[in-house]
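In: model this:
(2 chains)
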Amino acid sequence: MSLDPRVNRLKLGNATDIIKVEEGENWNVYEVFHQEKRGAHHEHVGCVHAPDPQLALIFAKEQFGRRKKCVNLWVVRSADILAFDTEDEDMFENNLEKNYRDASGFKVMEKINKFKQSKGTTNHAQ
Amino acid sequence: MYGGGYIFDEPNRKQLREEQVHDEPEKLAAFEERIARGEKIEPGDWMPAEYRRQLIRLIEQHAHSEIIGALPEGTWITRAPGFKRKLALIAKVQDEIGHGQLLYNAAETLGKSREEMINDLLSGKSKYSNVFNYPAKTWADVTVIGFLIDAAAIVNQVANAKGSYGPYCRALERICYEESFHLKQGHDAFIELATGTPEQKAMLQDALNRWWQPIMHFFGPPDKNSQHSEKLMQWKVKMASNDDMRNQFLDAYVPKIWELGLTLPDPALQKNATTGRWEYSDPDWDEFFRVINGGGPCNEERLQVRKWAEEQGRWVRKALMNPAEKHALPVA
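Out: Prediction:
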């Protein structure tokens, strides 16, 4: 006699019975994107198995929306995601010296001061 | 939440050893360098066959443990003492099932399908944490599981979260966040019984006595018997040795048990002040292997319940199935 009321109620059969899950029976994989607050990006948080996008959303709500704040979720079939091969990572390698793309890369005050000094003028505002 | 630190390996490993030898040495060297640099390995990356095999086994066993681990506690949802305890237990059991799903997905990224994993569980080929082959006889058992088994799982999972496989680490990060609630509610219930009536105290002490050996088993056999630690630790699949994790667990939780006036059923248990490590009597390791191979009090019942769920849910899955949906693996 089991301690589990469900087990007793269900009168479970012999554990030696073979149960086999067919390939594809657990549906397809959907990637889940979670938005924590209005205006924030949707962030990839994991996946769910579902037969269609509508149910994927429902499962995603159970799995990824039950804790923390959540204002929206996206789901997308894993097969529909096109990505670079991870082995091609080196294509993103480039010049790391990116001062010219940065505000800090331009020292205008230095030039102005140098110019003023070369003129020998005094700043009236001082 | 429930990952046994111990990865159970099937005895026949000859064929895969050959595969391991056939890994291209240049790729293997580059792979090991990446790991040494602390980089994470992602699903599409090249990896040694043995790394893939061991990770599938580890993550899959962890996933099964989460699902099966929900059973001894789920049994007590209808009989939890009070509304608040019932709510917490429902939430916790829901979390465990969620953890199972997260982990199955992480394992899937390595190329083993969900259906294959479930079939291997149902046929007894895949293992799950040994502790869930014991019954939760009283409410105090649920309390001991909720506090100490979860604590042991956290020691293991926090270590594994620093491992080398990206999807597993990301799943564990979320899992550890949720575990902290499980541990806290377990500790709270544990304290309530320990500081309660004489009957409550006796019930808790009794449960503690029964669960101590499974808890000592939790991290697996002593390091001296371990068969595949060195390579796995170098590859950051296994993050700490069985004995180190056991020691870390004892360090953190034995004082918390003793401070409540409870005792542990091992007269040899004490911390050696000079070595800083715990000394204890060896739990019965024959019993450990007997239970993991199907000889425990609840092995059969756990699989029966799981098989029943699989069979009774089949018509729902079939009815909703969209045959045009081609199966895909998770991206990450």
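In: quick one: low-confidence parts of chain A?
Out: When the per-residue scores of chain A are filtered using pLDDT under 70, the ranges that remain are A:13-16, A:121-126.
In: can you show me the helices along it?
Out: In chain order, chain A shows helices spanning A:5-10, A:53-64, A:108-119, with DSSP state H as the criterion.
In: what's the answer for the stretch 101-250 of chain B, then?
Out: Using DSSP state H, counting those that start in this stretch, the helices of the stretch 101-250 of chain B run over residues B:114-122, B:139-144, B:150-160, B:166-194, B:198-217, B:230-234, B:242-258.
In: helices or strands next to the longest one in the packing?
Out: Okay, so that is helix B:166-194. Applying 3 or more Cβ pairs under 8 Å, 6 or more residues apart in numbering or on different chains; DSSP states H and E, we find helix B:166-194 packed against strand A:42-50, helix B:49-74, helix B:83-108, helix B:139-144, helix B:150-160, helix B:198-217. The way it works is simple: take the backbone N, C-alpha and C, and place the C-beta from them, glycine included.
In: among the ones you listed, which is nearest residue A:67?
Out: Among the helices and strands packed on helix B:166-194, the nearest to residue A:67 by Cβ to Cβ is helix B:83-108 (8.5 Å).
In: state the distance from residue B:301 to chain A.
Out: Applying Cβ to the nearest Cβ, to the nearest Å, the value for residue B:301 to chain A is 6 Å.
In: right, I mislabeled it, should have said residue B:255
Out: When distances are taken as Cβ to the nearest Cβ, residue B:255 and chain A turn out to be 30 Å apart.
In: residue contacts, that residue?
Out: Residues touching residue B:255, when contacts are defined by Cβ atoms under 8 Å, 6 or more residues apart in numbering or on different chains, are absent altogether.
In: tell me the confidence at it?
Out: You'll see residue B:255 listed with a pLDDT of 96.
In: what of residue B:140?
Out: 97.
In: TSV please, covering the helices of chain A and showing distance to chain B.
Out: Output for these, formatted as TSV (distance: least, Cβ to the nearest Cβ, whole Å):
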stretch	distance to chain B
helix A:5-10	6
helix A:53-64	5
helix A:108-119	39
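In: how about those helices, which one is nearest residue B:29?
Out: helix A:53-64 (38.6 Å).
In: which other helices and strands contact that closest one?
Out: Judged by 3+ Cβ pairs under 8 Å, 6+ apart, the packing partners of helix A:53-64 are strand A:28-35, strand A:42-50, strand A:72-77, helix B:83-108.
In: format the CA atom coordinates belonging to it as CSV.
Out: Provided in CSV are the C-alpha atoms of helix A:53-64 (Å, rounded to 0.1, in the frame of the first residue of the first chain):
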residue,chain,number,x,y,z
PRO,A,53,2.2,29.2,-31.1
GLN,A,54,-0.9,29.9,-29.1
LEU,A,55,-0.3,27.1,-26.7
ALA,A,56,3.4,28.0,-26.6
LEU,A,57,2.4,31.4,-25.3
ILE,A,58,0.3,29.8,-22.6
PHE,A,59,3.1,27.4,-21.5
ALA,A,60,5.5,30.3,-21.6
LYS,A,61,3.3,32.2,-19.2
GLU,A,62,3.3,29.3,-16.8
GLN,A,63,7.0,28.7,-17.1
PHE,A,64,8.5,32.2,-17.4
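In: how big is the angle separating that helix from strand A:42-50?
Out: Relative orientation of helix A:53-64 with respect to strand A:42-50: 110 degrees, computed using axes from the mean of the first three to the mean of the last three Cα atoms, to 10 degrees.
In: and the helices and strands packed on helix A:53-64: which comes nearest residue B:268?
Out: Residue B:268 lies closest to helix B:83-108 among these, at 33.2 Å (Cβ to Cβ).
In: chain center to the closest one, what's the gap?
Out: With Cα atoms, centre = their mean, to the nearest Å as the basis, helix B:83-108 stands 13 Å off its chain's centre.
In: low-confidence ranges, the stretch 151-300 of chain B, go.
Out: B:226-229.
In: near whichever residue of it sits closest to chain A, how many other residues are there?
Out: When distances are taken as Cβ to the nearest Cβ, the stretch 151-300 of chain B approaches chain A most closely through residue B:300, which lies 4.5 Å from it. Close neighbours of residue B:300, defined as other Cβ atoms under 10 Å in any protein chain shown, add up to 17.
In: could you do the one 3 residues further on as well?
Out: Number of residues near residue B:303 (other Cβ under 10 Å) recorded here: 22.
In: next one: residue B:100
Out: For residue B:100, the count of nearby residues is 21 (other Cβ under 10 Å).
In: need the contact list for it.
Out: Counting by Cβ under 8 Å, 6+ apart, residue B:100 makes contact with B:63, B:64, B:66, B:67, B:70.
In: try 10 Å this time
Out: B:1, B:2, B:62, B:63, B:64, B:65, B:66, B:67, B:68, B:69, B:70 (Cβ atoms under 10 Å, 6 or more residues apart in numbering or on different chains).
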